[in-house]
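A.B. asks: sharing a model that was predicted from the sequence below.
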Amino acid sequence: MKKIVVLGAGYAGLKTVVALQKKVRGQAQITLVDQNDYHYEATDLHEVASGNLPASKITYPIQDVLNSETTTFIQDRVVKVDPATKTVKLTHHDDLTYDYCVMALGFVSENFGIKGATENSLPMASVEEAKAIHEHLVNKMKDYQRTQDKNDLKIIICGAGFTGIELAGALADAKRRLAKIAGVDPSQISITLVDAASRLLPMFDDKLANYGVNLLKKLDIKIVSEALISEIQPGLVLYKKKGEDDDAQLHDVAANTIIWTTGVSGSPVVSDSDLPARRGRVMDTDHLTAPDDDDLYMVGDVAAVMPPDGKRPYPTTAQIALSMANYAAKDIAARVKGGQRPGKYTYKSLGTVASVGNTRAFGVAMGGHYRGYPASFIKKMIMNKSLFETGGVKELMAKGRFDLYH
Ligand code: NAD
């Protein structure tokens, strides 16, 4: 019986297991490892950070979708993979050996070595981190009652990529609730996005990008652009404006909540395993395996896949993670059964939609541009689709977004 080890129960890992279980029953034994006993919908972390949703609404038990005859679950942290001996080292359990390994350990917040970023800002790359942001915000609002320090009411988000923008929108929705805790009018709570780019939302054309930026402004979200952050001090973001000399005096903006969303990199286990990677992402082969190792699949945020134009890898999204998982399951099942392997992996994006709060969004989907409420509807449908793909009807009914009519 072949041994398949899947590392990580995020979108990519859990979907690989769910798809494989059906294909290799009785012919392979699957072992799934994750540090948590729950799966979480990473695209919804901003809802937990803002307090708009409890963590229980974006998580479900991993065991819910496992078939105990085919799959064993181990809750533990992966230390490293040794491709030479086909072994996985875990923190608290014995080493695992495999015929095929699927590494799907997801992402961590990337701070690019910027001074003080780790110590003085809050990342949002896991449920625990999202909960910590919400707890911090509530504490600052409570503090304000005592301190009357305006900085307790100020929130800065470093990095205005999709993560930063979606978080800003969710926080705008949360203002009323937060203001009540502080005992102030919601207009006194300020949200500021700071980003190095001159033009936000580079993946969209001018019209759609302007729409997105105006949406943020309408919600009273301030945007400081062309601001390259170079240091974070307690309660202070220091940045250099585009075009200024290196020795020019830094600008600063103050807030007692500073959140770090300047991008992500693949799990550190990738470099700890000595795999060739850039920002924790390994350039995959046509079969989604690591270069020179056809038995080690790299899927989701630890992988980079080049589109046919070969310019830059596809951005990491839940959608591509699920698509890679489906392919990896098909490829491994074919090999377990001694059948013909599928042709090389290809990806067709269904679109990209960013939400700005609960009822507004914008993006490109199914070849069209969408704005406002219709885009928000599509966004929730996309999220429900990914939830259903792995969690099935049970998780969709329990955790799906059906607040479609406002
Ligand atoms: P990102 O890399 O897309 O954006 C990071 C932003 O931070 C950029 O705008 C960059 O200019 C800015 N930045 C980086 N360093 C900086 C510095 N020192 N000073 C100032 N600004 C700085 O990262 P992300 O938003 O975390 O997204 C990660 C991936 O996840 C992306 O591929 C994104 O498309 C995807 N994502 C998709 C969705 C969605 O589909 N709705 C939602 C969230 C994330």
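C.D. replies: Now that the structure is in, tell me what you want to look at.

A.B. asks: close to the ligand, is the helix or strand encompassing residue 390?
C.D. replies: Assessed by DSSP states H and E, residue 390 sits inside helix 372-399. No - interface with the ligand: helix 372-399 contributes nothing (C-beta under 6 Å from any ligand atom), its closest point being 7.3 Å away. All C-beta spots, glycine's among them, are computed from the backbone N, C-alpha and C.

A.B. asks: quick check: mean pLDDT across that helix?
C.D. replies: Average pLDDT, helix 372-399: 86.

A.B. asks: what comes up buried for it?
C.D. replies: Within helix 372-399, the residues that count as buried by 16 or more other C-beta atoms under 10 Å are 375-380, 382-384, 386-387, 389-391, 395-396, 399.

A.B. asks: tell me the contacts of the closest residue to residue 154 other than its chain neighbours?
C.D. replies: Distances taken as C-beta to C-beta, 6 or more residues apart in numbering place residue 255 nearest to residue 154, at 3.6 Å, with adjacent residues excluded. Remark: with contacts taken as C-beta atoms under 8 Å, 6 or more residues apart in numbering, residue 255 is in contact with 151, 154, 155, 156, 190, 192, 235, 237.

A.B. asks: other SSEs contacting the helix holding residue 390?
C.D. replies: helix 11-23, strand 59-61, helix 318-336, strand 351-355, strand 361-365 (3 or more C-beta pairs under 8 Å, 6 or more residues apart in numbering; DSSP states H and E).

A.B. asks: touching, residue 15 and residue 319? I think so.
C.D. replies: No - using C-beta atoms under 8 Å, residue 15 is not in contact with residue 319, being 11.2 Å away.

A.B. asks: which parts of the protein sit against the ligand?
C.D. replies: So far as C-beta under 6 Å from any ligand atom goes, the chain lies against the ligand at 43, 112, 114, 159-164, 166, 194-197, 227-229, 261-264, 315-317, 352, 354.

A.B. asks: relative to residue 173, how far out is the residue nearest to residue 154?
C.D. replies: 19 Å (C-beta to C-beta, to the nearest Å).

A.B. asks: ditto for residue 81
C.D. replies: When residue 81 is compared with residue 173 (using C-beta to C-beta), they lie 41 Å apart.

A.B. asks: now swap in residue 130 and tell me
C.D. replies: 15 Å.

A.B. asks: can you get me a residue count around the residue in the chain that the ligand sits nearest to?
C.D. replies: Nearest residue of the chain to the ligand, counting by C-beta to the nearest ligand atom: residue 161, 2.0 Å away. Neighbour count for residue 161, taken as other C-beta atoms under 10 Å: 20.

A.B. asks: that one is in contact with residue 260, isn't it?
C.D. replies: No - between residue 161 and residue 260 there is no contact under C-beta under 8 Å: 11.6 Å.

A.B. asks: any stretches of this protein with poor pLDDT?
C.D. replies: Scanning the chain with the threshold set as pLDDT under 70 gives 404-406.

A.B. asks: of residue 81 and residue 173, who's got more company?
C.D. replies: Counted by other C-beta under 10 Å, residue 81 and residue 173 do not tie: residue 81 has more neighbours, with 27 against 19.

A.B. asks: ok so the more buried one is a strand residue?
C.D. replies: Yes - when classified by DSSP: H, G, I helix; E, B strand; the rest coil, residue 81 is found to be part of a strand.

A.B. asks: is it in a bridge, and if so with what?
C.D. replies: residue 88 (DSSP bridges).

A.B. asks: check the gap between residue 54 and residue 237 for me.
C.D. replies: Distance from residue 54 to residue 237, by C-beta to C-beta: 29 Å.

A.B. asks: of the two, which one has the most company?
C.D. replies: residue 237 (28 against 12).

A.B. asks: I'd assumed residue 257 was in contact with the more buried one.
C.D. replies: No - using C-beta under 8 Å, residue 237 is not in contact with residue 257, being 11.1 Å away.

A.B. asks: identify the contacts common to those two.
C.D. replies: residue 156.

A.B. asks: phi first, then psi, for residue 155.
C.D. replies: Main-chain torsions, residue 155, degrees, to the nearest 10: phi -120, psi 130.

A.B. asks: please name the nearest non-neighbouring residue to it.
C.D. replies: Residue 155 sits nearest to residue 257 (C-beta to C-beta, 6+ apart), 4.5 Å away.

A.B. asks: go on, residue 187?
C.D. replies: residue 220 (7.2 Å).

A.B. asks: same deal with residue 403?
C.D. replies: residue 358 (7.1 Å).

A.B. asks: could you do residue 342 as well?
C.D. replies: Nearest to residue 342 is residue 330, by C-beta to C-beta, 6+ apart, at 5.2 Å.

A.B. asks: got it, and residue 35?
C.D. replies: Leaving out its chain neighbours, the residue that sits closest to residue 35 by C-beta to C-beta, 6+ apart is residue 77, at 4.7 Å.
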